[in-house]
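In: sequence first, then the predicted structure, then my questions.
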Amino acid sequence: MSRAGWAYVPAGSGPGRLQRIASNSRETAVQRAYRAYIDHGRGCAACAVDSALCATAEELWSAYQAATGPS
Ligand SMILES: [Zn+2]
């Protein structure tokens, strides 16, 4: 599985820098879906116990999986 994202790019003797290696709408959708899942888990009492028992978490995770698409 290869996914667009961030890569650490060494810059000679410098400190290096983070470079965006890909930018497209699909990546944005993936990031948004992942953040929605994480944000839900932070405030959800059911997820605090077991996210596998939370229907909302399952929905958000499915949306994230769908956003990543086939790889
Ligand atoms: Zn939940």
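Out: The structure has been received and is ready for your questions. Numbers count the residues shown, from 1 in each chain.
In: so after the helix or strand of the chain with the lowest mean pLDDT, what's the next helix or strand?
Out: Of all regular secondary-structure elements in the chain, judged by mean pLDDT, DSSP states H and E, the least confident is strand 17-20 with a mean of 58. Going down the chain from strand 17-20, the next helix or strand is helix 25-43, by DSSP states H and E.
In: which secondary structure elements does that next one contact?
Out: helix 55-68 (3 or more Cβ pairs under 8 Å, 6 or more residues apart in numbering; DSSP states H and E). For every residue, glycine as well, the C-beta is placed using N, CA and C.
In: what's in contact with the helix it packs on?
Out: Helix 55-68 is contacted from outside by 3, 26, 29-30, 32-34, 36-37, 40-41, 44, 46-47, 51-52, using Cβ atoms under 8 Å, 6 or more residues apart in numbering.
In: if we use 6 Å, what do you get?
Out: The contact list for helix 55-68, computed with Cβ atoms under 6 Å, 6 or more residues apart in numbering, reads 29-30, 33-34, 36-37, 40, 47, 51.
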